[in-house]
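S.K.: quick one, what's the 3D model for this:
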Amino acid sequence: GGGGGGGGRQFSSSSARGVGNVVFDNGPFWQFQGIIAGLNFVGFLISVATGSHVHLDLLGTGAFAAASLPQLLQTGDTLTRIKLSAAAVFTWGTKLAGFLFARALKTGNDARLEETLSTTTGTAGFWIISALWGIVCSLPYTLGTTSSSPGNPLTLKIGTTMYVVGLMTETLADLQKSAFKAANPGKFCNVGLWSISQHPNFFGNLLLWSGIFIMNADSLVEHVASDADLWTKVLSYKRVVIALLGPWFMWNLFSGQANGTITNTVALAEAKYGDDPLFQKYVQEVPKILPNPFLKN
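M.R.: Take a look at the predicted model:
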């Protein structure tokens, strides 16, 4: 088929997926966004009706898992790259939503969100941000689902490895903190991964989403003629740049939380543990997100 025309807008159904020519079909992208928006809207309605905090992460994070199901369950010759990244998103979303839901059932209301969720405007703001997080954070995956390219076997392996290490880091960090809190009520967690990073769970999350980006990055480049002008060649990378917004957004979100500019997490920790000289030493010496494995305790 004449894939060069149409000003690069080569969106088409899967029947038109050529071998040499990468075809982009935005259908799966919009399907994912629809599920994210729908589940966050349901979350908003439950919040307004009940005032409960229990369902926040179950729906906010669980939406990722639900929205990746169509690609995961699709029959026929779905690309390995798409199946693998759908499985990656589903596994992470299910694991984290389940962990946070179990924690919410134990702790009840989240002190960090008490003020925000006390008004309808604040509640709407919370769920809008939750939906935006779902849409922007998942860009490395959702843009990947639009491409007919099988991707690069090497970057697929590198990305998958990064994802697995990131998922293990996030999971281990959460389990270590849970175990520590159960054994040492009222103390701040500074053991295991928490001894080399103040937020190792954030680091794991950044690593796994960067892995999903690397899995899909190669497939996001549009194939252009070798004699195409420079601007056309530059624009052929536009989806790669847009996908990078995911990890960039997550880094800013986590940095803001770690610095106390986005949520009141830092102020709450200071109020709780501020009198402990060990806590002051920990805050000063341990990096906020990127772990330093050479720290001496």
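
S.K.: can we go C-alpha only for contacts and neighbour counts from here?
M.R.: Will do.

S.K.: and the host helix or strand of residue 57, average pLDDT?
M.R.: Residue 57 belongs to helix 56-60 when assigned by DSSP states H and E. Across helix 56-60, the average pLDDT comes to 90.

S.K.: identify all contacting residues around it.
M.R.: 39-40, 43, 97-98, 100-101, 127, 130-131, 134 (C-alpha atoms under 8 Å, 6 or more residues apart in numbering).

S.K.: just how off-centre is the helix ranked longest in the chain within its chain?
M.R.: Criterion DSSP state H: the longest helix present in the chain is helix 153-183. With C-alpha atoms, centre = their mean, to the nearest Å as the basis, helix 153-183 stands 13 Å off its chain's centre.

S.K.: how far is stretch 229-246 from where the chain is centred?
M.R.: 21 Å.

S.K.: keeping just the C-alphas, turn it into CSV.
M.R.: C-alpha atoms of stretch 229-246 as CSV (Å, rounded to 0.1, in the frame of the first residue of the first chain):
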residue,chain,number,x,y,z
ASP,A,229,14.0,16.7,4.6
LEU,A,230,15.4,17.3,8.1
TRP,A,231,12.1,18.5,9.6
THR,A,232,10.3,15.3,8.5
LYS,A,233,13.1,13.2,10.1
VAL,A,234,12.8,15.2,13.3
LEU,A,235,9.0,14.9,13.4
SER,A,236,9.3,11.1,12.9
TYR,A,237,10.4,11.0,16.6
LYS,A,238,7.4,12.9,17.9
ARG,A,239,5.8,9.9,19.6
VAL,A,240,9.1,9.1,21.4
VAL,A,241,9.2,12.6,22.8
ILE,A,242,5.5,12.4,23.9
ALA,A,243,6.1,9.0,25.5
LEU,A,244,9.0,10.5,27.5
LEU,A,245,6.5,12.8,29.2
GLY,A,246,5.4,9.8,31.2
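
S.K.: how about it, which residues are buried there?
M.R.: Within stretch 229-246, the residues that count as buried by 16 or more other C-alpha atoms under 10 Å are 233, 236-237, 239-240, 243-246.

S.K.: what's the nearest residue to the residue most central in space within the chain if we skip its chain neighbours?
M.R.: Centroid-nearest residue in the chain, with C-alpha atoms, centre = their mean: residue 137, separated by 4.6 Å. Once flanking residues are discounted, residue 137 sits nearest to residue 246: 4.2 Å by C-alpha to C-alpha, 6 or more residues apart in numbering.

S.K.: quick one, what contacts the one you found?
M.R.: Per C-alpha under 8 Å, 6+ apart, neighbours of residue 246: 136-140, 209.

S.K.: which one among the residues you listed gets closest to residue 77?
M.R.: residue 140 (21.4 Å; C-alpha to C-alpha).

S.K.: pLDDT score assigned to that closest one?
M.R.: For residue 140, the predicted pLDDT is 98.

S.K.: got any ranges where the stretch 51-200 of the chain has weak pLDDT?
M.R.: By pLDDT under 70, the weakly predicted segments of the stretch 51-200 of the chain are 111.

S.K.: what about the contacts of residue 246, which one has the most neighbours?
M.R.: Within the contacts of residue 246, neighbour counts (other C-alpha atoms under 10 Å) peak at residue 140, which reaches 29 neighbours.
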